[in-house]
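Q: I'll drop the sequence and a predicted model, then ask my questions.
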Amino acid sequence: MKIKILKKHHYRNRRAGVSEIIGSLFLIAIIATSVASFFIANQYFANQFRSAVMESTDMDKDMIQEQFAVGGFYDSSLKAVVNNTGPVPITIVHVFIINQTTGMLIFEETVSSSNTINPGDSRQIGDGYASYSSGIVLIKVLTSRGNAGSGVYPTSRLFIPQVISGPFALSFDIESYTYTASEQTQKSTSSGTSNNRVYQNNWIAQSFTPVKSDRIERVAIYVLKSGSPVDNLVVEIRANSGGVPGAILASATIPPSQIGTSYGWRVVDLTISVDLTGDTKYWIVLHQDGGSSSNYYRWSYSSSTSYTRGERKYSNNGVGGPWSSPDSYDFAFKTYMTGSAYTMSSGADEILLFVKITNYSNKDIEFSRTSVLMVDIRDIDGTAESETYFFLLKSTSTSAQPVAYSPDYNHKVLGNGGSTILVFGASQIGGSALNNDDILTGRNSLSDENLAWVFVVIFWRFSDLSGAAGQTILYNAIHILDST
């Protein structure tokens, strides 16, 4: 009996030991599975978090890269116009129009998500504010990434003292954002030969009417000499007096040695600059004290009507007249005006633009002479018409003979408030003459809407060769006045 009892007890102990082993193995399996699941889940959520962070980083990067300019355009309603000046596409989702004086919201609209604007393009946004009639308003837009931008309408009435970009400021106040250009021109030179000789009491004159009130600095005339005149050719700017030349306002002389025996443009600086009033008639008068029918100067004119804002006249009795109009033709001339570049005649040609740059950093800055002003001209429908690039010119340049810089970085502006005036002209790099075609062309009757956007494409670096950068900055707008 004892032996049997001992065997039965031993069998029970063995079963208990197996159960403990199986339980332990099962517990270990559960723990291992839990640990693995934890690490797998942790890795999964870490990957998800990393993806979210990367996606957020990309979105933040795109938000930072969104750069755009906001303006307005009025047809039957006032619409926002957005120009994408950055490197990534942008989508406008909402438009607000705010009374600039009171700060009150007067209009808003949610716009279609299809309003995506690619880099370098522009678009009118939404249906617009149909109740707009007049006044200055703030147009604000919101992008799908959450960026907001705004602009004032009408743009031509906005005068901001400067644009700060990086360590420097671009000034475009009245004194520093200026232009010179041949504002009124008649360039046809078919060389008619009647009533255009200048000697003794034989005086000739051409009237012109500037579009805007600016200062005249120089004139150009298309002339030759015949024979051997010894007296200077006198060039005068005179006021209008009952439809004929009146009081003298400014003058200059051209020695006979500077006038060839073949027709050519002669540019002459006036002894004083004179302020002229827009839409007011003035006269360019030519005469010489001596000379004869064999020794005279001749002023070329067009044999077809080509200038609608003036007329030519001649007198056989000096300034006292009587003055006669031989025909409806016009002498060949250019009047070079200077003034604020906020507005410009649509007939302006040979344009130079002047921009002041101030360096507010504590380092000297060098600007690459491949920097340009880009003038983006639009039609009445707001689409891009053409772009003209104004290259950085040497300070010795004139609008009659500009000289472009070579592409280097030696145009230095000292730090801690140093400044300089940059001169930009529509000349190809290495060229010696401006584009002779009209640069700004008014294309519509609604001259208030005829704006040309001006962008500064500027390349700069610190003089210690750090911080090199290239930037495109919306600078301002030129209000183009109809010259017809």
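A: Okay, I see it. Numbers count the residues shown, from 1 in each chain.
Q: contacts and neighbour counts: CA atoms only from here.
A: Will do.
Q: how about low-confidence regions in the stretch 151-300 of the chain?
A: 154-177, 191-194 (pLDDT under 70).
Q: again, 50 this time
A: By pLDDT under 50, the low-scoring segments of the stretch 151-300 of the chain are 156-161, 174.
Q: host element of residue 204?
A: strand 203-208 (DSSP states H and E).
Q: which elements pack onto that strand?
A: In terms of contacts (3 or more Cα pairs under 8 Å, 6 or more residues apart in numbering; DSSP states H and E), strand 203-208 is packed against strand 197-198, strand 282-287, strand 312-315.
Q: so which of those strands gets nearest residue 416?
A: Among the helices and strands packed on strand 203-208, strand 282-287 comes nearest to residue 416, with 46.3 Å by Cα to Cα.
Q: next structured bit after the closest one?
A: strand 296-299.
Q: contacts for that next one next, please.
A: Contact with strand 296-299 is made by 196-199, 221-229, 233, 331-332, as judged by Cα atoms under 8 Å, 6 or more residues apart in numbering.
Q: pull up the pairing partners for it, direction included.
A: Looking at strand 296-299 with DSSP bridges, its partner strands are strand 197-198 (antiparallel), strand 214-226 (antiparallel).
Q: count the residues that sit near residue 205.
A: By other Cα atoms under 10 Å, the residues close to residue 205 number 27.
Q: and the helix or strand where residue 459 lies, what does it pack onto?
A: Following DSSP H and E, one finds residue 459 within strand 451-462. Under the contact definition 3+ Cα pairs under 8 Å, 6+ apart, strand 451-462 sits against strand 365-367, strand 372-378, strand 469-481.
Q: per-domain residue ranges of the protein.
A: Here the domain parsing of the chain from automatic domain parsing is 1-65, 68-153, 161-177+341-481, 184-335.
Q: now do the same end-to-end measure for the last one.
A: Length of domain 184-335, first residue to last, Cα to Cα, to the nearest Å: 5 Å.
Q: kindly report the same for the second one.
A: Using Cα to Cα, one end of domain 68-153 lies 16 Å from the other.
Q: quick revisit: to residue 373, which of the helices and strands packed on strand 203-208 lies closest?
A: Once these are compared by Cα to Cα, strand 282-287 is nearest, at 32.4 Å.
Q: so that closest one versus strand 214-226, what angle?
A: 30 degrees (axes from the mean of the first three to the mean of the last three Cα atoms, to 10 degrees).
Q: strand 282-287 pairs with which strands?
A: Here strand 282-287 is paired, per DSSP bridges, with strand 203-208 (antiparallel), strand 233-241 (antiparallel).
Q: CA atoms only for the last one, dumped as PDB, please.
A: Spelled out, it's strand 233-241. Presented in PDB, the C-alpha positions along strand 233-241 are these (Å, rounded to 0.1, in the frame of the first residue of the first chain):
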ATOM      1  CA  LEU A 233      21.600 127.700 -83.700                       C
ATOM      2  CA  VAL A 234      19.400 129.000 -80.900                       C
ATOM      3  CA  VAL A 235      16.800 126.600 -79.400                       C
ATOM      4  CA  GLU A 236      14.100 128.100 -77.200                       C
ATOM      5  CA  ILE A 237      11.200 126.900 -75.200                       C
ATOM      6  CA  ARG A 238       8.400 129.600 -75.300                       C
ATOM      7  CA  ALA A 239       5.000 129.900 -73.800                       C
ATOM      8  CA  ASN A 240       1.900 129.900 -76.000                       C
ATOM      9  CA  SER A 241       0.400 133.300 -76.800                       C
END
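Q: neighbouring contacts of it?
A: Everything outside strand 233-241 that qualifies as a contact, by Cα under 8 Å, 6+ apart, is 245-256, 281-288, 297.
Q: buried only: go through these for me.
A: 245-246, 249-254, 256, 281-288, 297 (16 or more other Cα atoms under 10 Å).
Q: next, the angle strand 282-287 makes with the helix or strand where residue 274 lies.
A: Per DSSP H and E, residue 274 falls inside strand 264-276. With the same axes, to 10 degrees applied, the angle from strand 264-276 to strand 282-287 works out at 130 degrees.
Q: just checking, what packs against strand 264-276?
A: Strand 264-276 packs on strand 214-226, strand 244-254, going by 3+ Cα pairs under 8 Å, 6+ apart.
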